[in-house]
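Engineer: Following is a predicted model, sequence given first.
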Amino acid sequence: MHCANPTDALTVTGLAKRYPSGGGVDDVRMSVRRGEVTGFIGVNGAGKSTTLRCVLGLLSPDAGDIRLFGAPADKEARRRVGFLPEERGLSPRDRARDAIAFHARLKGLGRREALKAADRLLERIGLGHRRRARIGELSKGNAQRVQILCALAHGPDLLILDEPLSGLDPVGQSDVLSLLAEFRAGGGAILFSTHSMAAAERLSDQVVILAGGRTVFEGPLNEAAGQASHGAVIVTSDEAALFAAAAAIGGDVRPMSAGMGEAARWRVTMPRQVTHPALMRALAEYAVPIFAFEPIKPDLESAFWDLAAPQAQAEVPRSRAA
């Protein structure tokens, strides 16, 4: 069980929220520390959005505890939180400067202070000359950057970002990452929700993985990567032969995607003492046609497949050889 910690900007313990129609979360736990980025990952339907809505006070949980900055979450504590939703909500008719200042005023800043914050942030990302432009006149990437500035304008202590790099070109991503680095260096905490394993691995200090409405992993990024299995990703058109070859070396087979044409991608895991050459020999012995063979890397994406995908694909047998 989590305990409130002076270094925690957010602590969630035993969070549960069920919907009458089904779905929701059953047991979410996480801590988001000051001065760190916490990656929040899971497949669609894992419960990320429900969790964020409970943290932000948009939903009332059925059970569990949510603490912000060491105290029960309330309206005043939530003023210290900046939020970027996945569904972008700025009006196309709003001007960039006014939109940012409006969000800052919602969090308690006075009008003059809010406008100064908007000007400073727009200059910071090179959009000072577009401060009077309407959102609808901006490129998708620039509109996205303005929305991120809306979350930052009031000087929050915790940022909750849902897919913040979506729609940004490499230059836009670099600008946003620089802003987030400054925020973190100043002691700010970031909860970064994403579907992109590469983005999570690039940005995160800590990782929280959700599956089936539950936290299946919480800890440092390097520990998450250490959860990856030993094996390979194989593309083949002969499913039966692949299962037979894997069974011969004590391995396990999982589908990774629907087939494209006659071939499909499979994740083959095996005991640590079994080498990749031994797997290749077994594939040759069972005449498995191989279109691609890639050893599993000890990274976050590989760990995700072992920690979260089994629950997301619970209806798929672990191995037909078992």
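Structural biologist: Looks like it came in fine.

Engineer: show me what contacts residue 55?
Structural biologist: 10, 12, 66, 73, 160 (CB atoms under 8 Å, 6 or more residues apart in numbering). From N, CA and C alone the C-beta is placed, and that goes for glycine too.

Engineer: Of those, which belong to strands?
Structural biologist: Judged by DSSP state E, the contacts of residue 55 include 10, 12, 66, 160 as members of strands.

Engineer: Please tabulate those in a markdown table and include distance to residue 190 as additional columns.
Structural biologist: Formatted as a markdown table, the ones in strands among the contacts of residue 55 follow (distance: CB to CB, whole Å):
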| residue | distance to residue 190 |
| --- | --- |
| 10 | 10 |
| 12 | 15 |
| 66 | 17 |
| 160 | 8 |
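
Engineer: before we move on, the earlier item: pLDDT check: weakest of the contacts of residue 55?
Structural biologist: For the contacts of residue 55, the weakest pLDDT value sits at residue 73, with 92.

Engineer: who's in contact with that one?
Structural biologist: Per CB under 8 Å, 6+ apart, neighbours of residue 73: 55, 57, 66, 67.

Engineer: Could you give the bridge partners of the nearest residue to the last one once chain neighbours are set aside?
Structural biologist: Looking back up the chat, that one is residue 67. Excluding its sequence neighbours, the residue lying closest to residue 67 (CB to CB, 6 or more residues apart in numbering) is residue 11, at 4.4 Å. For residue 11, the beta-bridge partners are residue 31, residue 67 (DSSP bridges).

Engineer: before we move on, back to that, out of the contacts of residue 73, name the two that are farthest from one another.
Structural biologist: Between any two of the contacts of residue 73, the greatest separation by CB to CB is 13.0 Å, found for 57 and 67.

Engineer: Which strand residues bridge the residue nearest to residue 229 when sequence neighbours are not counted?
Structural biologist: The shortest distance from residue 229 to any residue other than its chain neighbours is 4.0 Å, reached at residue 269 (CB to CB, 6+ apart). In this entry, residue 269 is beta-bridged to residue 231, residue 252, by DSSP bridges.

Engineer: just checking, residue 269 touches residue 251?
Structural biologist: Yes: using CB atoms under 8 Å, residue 269 is in contact with residue 251, at 6.2 Å.

Engineer: Between those two, which contacts overlap?
Structural biologist: By CB under 8 Å, 6+ apart, residue 269 and residue 251 have these common neighbours: residue 231.

Engineer: what's the closest of the contacts of residue 55 to residue 93?
Structural biologist: For the contacts of residue 55, the nearest to residue 93 is residue 160 (26.5 Å; CB to CB).

Engineer: where's that closest one relative to residue 12, distance?
Structural biologist: 12 Å (CB to CB, to the nearest Å).

Engineer: next one: residue 100
Structural biologist: Counting by CB to CB - residue 100 and residue 12 are separated by 29 Å.

Engineer: neighbour-wise, which of these two wins?
Structural biologist: Higher neighbour count among residue 100 and residue 12: residue 100, with 30 against 25, using other CB atoms under 10 Å.

Engineer: What residues of whichever strand or helix holds that one count as buried?
Structural biologist: Per DSSP states H and E: residue 100 is located in helix 96-106. Of the residues in helix 96-106, those buried by neighbour count under the rule 16 or more other CB atoms under 10 Å are 96, 97, 98, 99, 100, 101, 102, 103, 104, 105.

Engineer: can you pull out the strands in the stretch 51-200 of the chain?
Structural biologist: 63-68, 71-72, 81-84, 158-162, 189-194 (DSSP state E, counting those that start in this stretch).

Engineer: Run me through the strand neighbours of the second one, direction for each.
Structural biologist: Right, strand 71-72. Partners of strand 71-72, by DSSP bridges, with direction: strand 63-68 (antiparallel).

Engineer: Quick one: residues in contact with the strand it pairs with.
Structural biologist: Contacts for strand 63-68 (CB under 8 Å, 6+ apart): 4, 8-16, 28, 54-55, 72-74, 77-78, 80-81, 158.

Engineer: so it versus strand 158-162, what angle?
Structural biologist: 120 degrees (axes from the mean of the first three to the mean of the last three CA atoms, to 10 degrees).

Engineer: Check which residues of strand 63-68 are buried.
Structural biologist: So strand 63-68, judged by 16+ other CB under 10 Å, has buried residues 64, 65, 66, 67, 68.

Engineer: do the same with stretch 224-233
Structural biologist: 224, 225, 227, 228, 229, 230, 231, 232, 233.

Engineer: Please report the distance of the fourth one from residue 298.
Structural biologist: What that stands for is residue 228. On the measure of CB to CB, residue 228 and residue 298 end up 5 Å apart.

Engineer: Going along the chain, name the helices of the chain.
Structural biologist: Here the chain has its helices, by DSSP state H, at 48-55, 75-78, 96-106, 111-124, 140-152, 170-185, 197-203, 221-225, 239-248, 276-285, 300-307, 309-312.

Engineer: looking at those, which is closest to residue 24?
Structural biologist: helix 48-55 (5.5 Å).

Engineer: chain center to that closest one, what's the gap?
Structural biologist: Between the centre of helix 48-55 and the centre of its chain there are 13 Å (CA atoms, centre = their mean, to the nearest Å).
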